[in-house]
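J.: after the sequence you'll find the predicted model.
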Number of protein chains: 2
Amino acid sequence: MKMSKMLMPTLREVPADAEITSHQLMLRAGMIRKMASGVYNQLPMGIRVFKKIENIIREELEKKGCQEILCSGLIPAELWKESGRWDVMGAEMMRLKDRNERDFCLGPTHEEVFTDIIRQEITSYKQLPLNLYQIQVKYRDERRPRFGVMRTKTFTMKDAYSFDVDQEGLDKSYQDMFEAYTNIFARCDLDNSPVQADTGAIGGSVSAEFMVKSEVGEDEIVFCSNCDYAANMEKAVAQSSEASTEEMKELKEVHTPGVHTIEELENFFKLSADKFAKTLVYVADGKTVAVVVRGDREVNEVKVGNAIGGVVEFELANEATVEAVTNATVGFAGPIEIKADYVLIDNEVANARNLVVGANKSEYHIENANYGRDFEGTVGDFRNVTESDKCTKCGSHFEIARGVEVGHIFKLGTKYSESMGANFVDKDGKSKPIVMGCYGIGVERTAAAVIEQHHDENGIIWPLSIAPYHLVVVPVNIKKAEQMEAAEKLYAQLQSMGVEVLLDDRDERAGVKFKDSELIGIPMRITVGKDITEGKVEFKLRDQADKELISLDEIEARIKAEFEKNNVKLG
Amino acid sequence: MKMSKMLMPTLREVPADAEITSHQLMLRAGMIRKMASGVYNQLPMGIRVFKKIENIIREELEKKGCQEILCSGLIPAELWKESGRWDVMGAEMMRLKDRNERDFCLGPTHEEVFTDIIRQEITSYKQLPLNLYQIQVKYRDERRPRFGVMRTKTFTMKDAYSFDVDQEGLDKSYQDMFEAYTNIFARCDLDNSPVQADTGAIGGSVSAEFMVKSEVGEDEIVFCSNCDYAANMEKAVAQSSEASTEEMKELKEVHTPGVHTIEELENFFKLSADKFAKTLVYVADGKTVAVVVRGDREVNEVKVGNAIGGVVEFELANEATVEAVTNATVGFAGPIEIKADYVLIDNEVANARNLVVGANKSEYHIENANYGRDFEGTVGDFRNVTESDKCTKCGSHFEIARGVEVGHIFKLGTKYSESMGANFVDKDGKSKPIVMGCYGIGVERTAAAVIEQHHDENGIIWPLSIAPYHLVVVPVNIKKAEQMEAAEKLYAQLQSMGVEVLLDDRDERAGVKFKDSELIGIPMRITVGKDITEGKVEFKLRDQADKELISLDEIEARIKAEFEKNNVKLG
């Protein structure tokens, strides 16, 4: 492609509303443009990268015998009602009616649709296993779209679904996909870690997220410093503390006017934060939930949601609700005689002695509160782990990093096949529900994660495997005939080799052209300058500072070597 | 791909609800499955064909310098309000609100979005021309989805938009796309004709539809039997009749109890249908429109809509409205003193003398009605042409055929750039609106049209260029080791040549396998039977009855020759 003809609107300035590097660079490199909050259009430099990621996904999945299909994004409500998820998906699912007032949604995920296809076509164990995938636009009405293509209302997702006769088959399908994902992200040059994850609204028993470590990641990932345990914060298990042997002291009500926060309490009582229990009040699908954790801990809302059997709408209670539940103004909630529908007590609080808690009475706290004697509730793991927690598997300490989720795989089991009647007749002549798995990759988010890991102060540094173009030919001065002619010749020669090449034939200074090629992140650059009179050009890799002067007849071998080194097929 | 592992649900029976051949064969070959009225899922055999068509489109457009982008299908209402189309698109446009009650639609077409992208990036004539395209799912809430993928609520469309500095530039862009379309449909082996078409809701001045002649086509196409004039029925111009020189007779009211239809009138008055004028009453966006055509003609609703300045909702008036407009029961409407908001008189009626018309009085007609003397209205071309009409270009007679529209190209001009402020600064320093064109191809419909033209009683006959697989290897008996081994070897050999090959390793009779391969329409078949002991296999082309026994070492050359003959690149 000749750059003079291309829609490639690079930006010198960092766009004001782009907070993270990948978002800034995608805008600056002319890959994407925003149309509405969480809604982006993909320009030529963007779609080329996204399509390359899609093709890597295709290749790796097909190596595992997966077959591509394409389902409609417009899905009749009936299927979601069958699975029970029509009422569970909440505001994130975009819904609409057709001209006949029939309910549809825009698919945020496709378990129901794939299950529906399979139950119509599969009758016998002989037709299994199957693994079907699609690469398609998904719709999720995010409450707070942000970080460019990291969290949007519409995005491209590869979703695959496996269908097996039994758990053993599912284990194999899951392992196949685990391997395929590992290969896909490796080919995108992404340093990533699979971690245990909560199964959330998708359901199922086992699930792993493929996490790319990144400071801007929205998720916290918990790693063991010693063994291979890794989980996301939602899922990471906090080891239960040992029960305190301290003697229980007498309850004592203390007047604490204007003392609300843990920090204020620490100052007032001259005690460290772990000597307090804080009580947070939530509303979950209309029910009130009081969660009691130590003063130095954070509530893990996913664990809370799972403990009460799964929730759709979950949020901190408003002032009026807190007052109704506690009989007090906000800031004085405590576990003793609290009137919530659910009272959840974190393990650490149950095991501690003589804690300071809110008195459920305005401007008062209570000292020496003890679980069992003074208050009751469901005891469990309801908090986020910290780096001081110990691995439940090996006892070593945890490390916590931020990460971006680029892929997620689930063992679904028979959740959908049972609710929707996707059965097969097994060898033994019995009808059984198909055992399913599901597997997702976010395409644009993967590209964004690559940028987070591969950039410098000048712009993106694409791996050769997913670069929008492999190489740019830059004539230093397009008005010099010998430079332009040599550049055009090289351009044609490289194209015929199968190299995806840009010719920067714009009437701009060489410095501008270099800046653009570095911003866009083209892996290889050939500069045609005055040395062309001696048959020489400058060859530079984006990820290295060095430039080499090489003769024209070395070019082909030099480029082929780059493709080989990067394990990318030419042409 | 090994067929034993594939989701390939072929059907022996013709599905009851599939009316046309392409719909029947797409279902029977396991290409598609219906999820809801007008909503289909694409199975492996389907998506492979559709993706090949998409890739042919990409290649031909990129030869013309078009660049691929991808816009969101979820479009904020604001853009449509700017262009004025939010209120014009009617019930076909699917609308929804996000969680913040903001209005969106699902893009039925993308003029507004492309114009919005361009107005943000383009400032100077130096950046033009540009031609951008996308291949994307479109949403149109059809009143009556039908004929499988021919008319659906969601479908894949390639839409391209050209941006030029002037009309001359647009003419070139339009011509480029005309050529690209010709090449695309030729590569799909579609016998098609570009015809003049109405520009409809898209707007603009000139437009052509690429029509595939087919008995099941929903459109009527009008061809001149002599010259190159071709238009669809909506657009085809009816030549004005000569003014009658007959003397005007006196008006005469006739009691015609129970005489309503033209046929009944012919019997009653003993006159042929062309001696009557029939008056149809429509409601167009709340206004009443009376259209008067000869008794033997059909009203052309598109011409009527255009004559009154474009309409959104257009339908025949109900009984009450007819009675209000005519003061009579239905069946006695006439042009004399009719109280419609618009009265449109077809040329032929204006030029005729002494017609019988409805009296606007129940159970009465009037003889000898004459335009000018007895009734007035806007005179113009408001009827469908017939084969007895003459070409306005050369005077020869018309031929009318049915066709399927697979592509449509438009010269938009400045309709969108003016309403949305997409301007550029020209060489002369003046700000001007960008001159636009737009160009669409329906992907699944193109595949359906190919099936309509390429099938026999056994199934589909895919052209090699868009076949889901190029070749199938059929071992006659998978239990015979020498057959299975040779088939596996051939399968691997052909794959390494770049042939897309199926191995029918199913434990079925050869007859079943042959039937499936013919139903699916695989262009080449190699049967490995008992002759394999002599190193020979049977080679058959789907579109020919003959089978050849050839030796294994001839295979590669034979297959390469097929690819060359069909002008399809191998691998």
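T.: Thanks, I have the structure now. These figures come from a predicted structure and were not determined experimentally.

J.: right, and residue A:127 touches residue A:118 too?
T.: No: at 9.2 Å, residue A:127 does not count as touching residue A:118 under the criterion of C-beta atoms under 8 Å. Every C-beta, even on glycine, is put in place using the N, C-alpha and C of the backbone.

J.: neighbour-wise, which of these two wins?
T.: Remark: of residue A:127 and residue A:118, residue A:118 carries more neighbours, 23 against 19, as counted by other C-beta atoms under 10 Å in any protein chain shown.

J.: need the contact partners of the helix or strand hosting the more buried one.
T.: Using DSSP states H and E, the element containing residue A:118 is helix A:111-121. Applying C-beta atoms under 8 Å, 6 or more residues apart in numbering or on different chains, the contact partners of helix A:111-121 are A:69, A:71-72, A:75, A:79-80, A:82-83, A:85, A:107, A:127, A:130, A:132, A:161, A:163, A:202, A:412, A:416-417, A:420-423, A:434, A:436, A:438, B:7, B:9, B:33, B:35, B:41, B:43.

J.: among those, which are in helices?
T.: The helices, defined by DSSP state H, take in A:79-80, A:82-83, A:416-417, A:420 from those.

J.: out of the residues you listed, which is most surrounded?
T.: Counting neighbours by other C-beta under 10 Å, residue A:416 leads the ones in helices among the contacts of helix A:111-121 with 29 neighbours.

J.: can I get stretch A:103-121 in CSV? Just the C-alpha atoms.
T.: Output of stretch A:103-121 as CSV, limited to C-alpha atoms (Å, rounded to 0.1, in the frame of the first residue of the first chain):
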residue,chain,number,x,y,z
ASP,A,103,-38.1,-10.1,22.3
PHE,A,104,-34.5,-10.4,21.2
CYS,A,105,-31.2,-9.7,22.7
LEU,A,106,-27.8,-8.9,21.2
GLY,A,107,-25.6,-11.8,22.1
PRO,A,108,-23.2,-11.0,25.0
THR,A,109,-22.2,-14.7,24.8
HIS,A,110,-23.6,-17.7,22.9
GLU,A,111,-24.0,-20.8,25.1
GLU,A,112,-27.7,-20.9,24.5
VAL,A,113,-27.4,-20.6,20.7
PHE,A,114,-24.7,-23.3,20.4
THR,A,115,-26.6,-25.6,22.6
ASP,A,116,-29.7,-25.0,20.5
ILE,A,117,-27.8,-25.9,17.3
ILE,A,118,-26.3,-29.0,18.8
ARG,A,119,-29.5,-30.4,20.3
GLN,A,120,-31.1,-30.2,16.8
GLU,A,121,-28.2,-32.0,15.0
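
J.: and that stretch, what's buried?
T.: Using 16 or more other C-beta atoms under 10 Å in any protein chain shown as the test for burial, stretch A:103-121 gives A:104-119, A:121.

J.: likewise stretch A:311-321?
T.: A:311-312, A:314, A:317, A:321.

J.: ok, residues contacting that stretch?
T.: By C-beta under 8 Å, 6+ apart, stretch A:311-321 touches A:87-90, A:280-285, A:288, A:301, A:304-305, A:325, A:330.

J.: which one of the residues you listed is nearest chain B?
T.: When the contacts of stretch A:311-321 are compared for distance to chain B (C-beta to the nearest C-beta), residue A:90 wins out at 9.3 Å.

J.: what pLDDT does the model give that closest one?
T.: Here, the pLDDT recorded for residue A:90 equals 88.

J.: biggest separation within the buried residues of stretch A:311-321, which pair?
T.: Within the buried residues of stretch A:311-321, A:312 and A:321 form the most distant pair, 17.6 Å apart (C-beta to C-beta).

J.: hmm, back to that, can you flag the buried ones in the contacts of stretch A:311-321?
T.: Neighbour counting by 16+ other C-beta under 10 Å classes A:89-90, A:280-284, A:288, A:301, A:304-305, A:325, A:330 among the contacts of stretch A:311-321 as buried.

J.: I'd like the C-alpha coordinates of the host helix or strand of residue A:265 written as CSV, please.
T.: Secondary structure from DSSP H and E places residue A:265 in helix A:262-269. Provided in CSV are the C-alpha atoms of helix A:262-269 (Å, rounded to 0.1, in the frame of the first residue of the first chain):
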residue,chain,number,x,y,z
ILE,A,262,-11.2,2.8,60.1
GLU,A,263,-8.5,5.5,60.2
GLU,A,264,-10.5,7.6,62.5
LEU,A,265,-11.2,4.6,64.7
GLU,A,266,-7.5,3.7,64.9
ASN,A,267,-6.8,7.2,66.1
PHE,A,268,-9.6,7.2,68.6
PHE,A,269,-9.0,3.8,70.1
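
J.: which residues touch it?
T.: For helix A:262-269, contacts defined as C-beta under 8 Å, 6+ apart pick out A:254, A:256, A:258-259, A:271-273, A:275-276, A:278, A:295-296, A:356, A:365, A:367.

J.: inside strands: which ones of the residues you listed?
T.: Among the contacts of helix A:262-269, the members found in strands (DSSP state E) are A:254, A:278, A:356, A:365, A:367.

J.: which residue packs closest to the closest residue to chain B within the stretch 301-450 of chain A, ignoring adjacent ones?
T.: In the stretch 301-450 of chain A, the residue that lies nearest chain B is residue A:444 (10.2 Å; C-beta to the nearest C-beta). Closest residue in space to residue A:444, ignoring its immediate chain neighbours: residue A:149 at 3.8 Å, by C-beta to C-beta, 6 or more residues apart in numbering or on different chains.

J.: which stretches of chain A form helices?
T.: Counting by DSSP H, residue ranges of the helices within chain A are A:21-28, A:44-63, A:77-83, A:111-121, A:167-187, A:262-269, A:301-307, A:319-326, A:347-351, A:415-420, A:443-453, A:481-497, A:510-520, A:555-565.

J.: can you redo those helices as TSV with mean pLDDT?
T.: TSV is the format used below for those (pLDDT from 0 to 100):
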stretch	mean pLDDT
helix A:21-28	97
helix A:44-63	98
helix A:77-83	96
helix A:111-121	97
helix A:167-187	96
helix A:262-269	94
helix A:301-307	93
helix A:319-326	94
helix A:347-351	96
helix A:415-420	95
helix A:443-453	97
helix A:481-497	97
helix A:510-520	97
helix A:555-565	97
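
J.: most packed of the ones you listed?
T.: Most buried of the helices of chain A, by mean neighbour count (mean count of other C-beta atoms under 10 Å in any protein chain shown): helix A:443-453, with a mean of 26.

J.: what angle do helix A:44-63 and that one make with each other?
T.: Helix A:443-453 and helix A:44-63 are oriented at 110 degrees to each other (axes from the mean of the first three to the mean of the last three C-alpha atoms, to 10 degrees).

J.: so which elements touch helix A:443-453?
T.: Judged by 3 or more C-beta pairs under 8 Å, 6 or more residues apart in numbering or on different chains; DSSP states H and E, helix A:443-453 is in contact with helix A:21-28, helix A:44-63, strand A:154-164, strand A:206-213, strand A:398-413.
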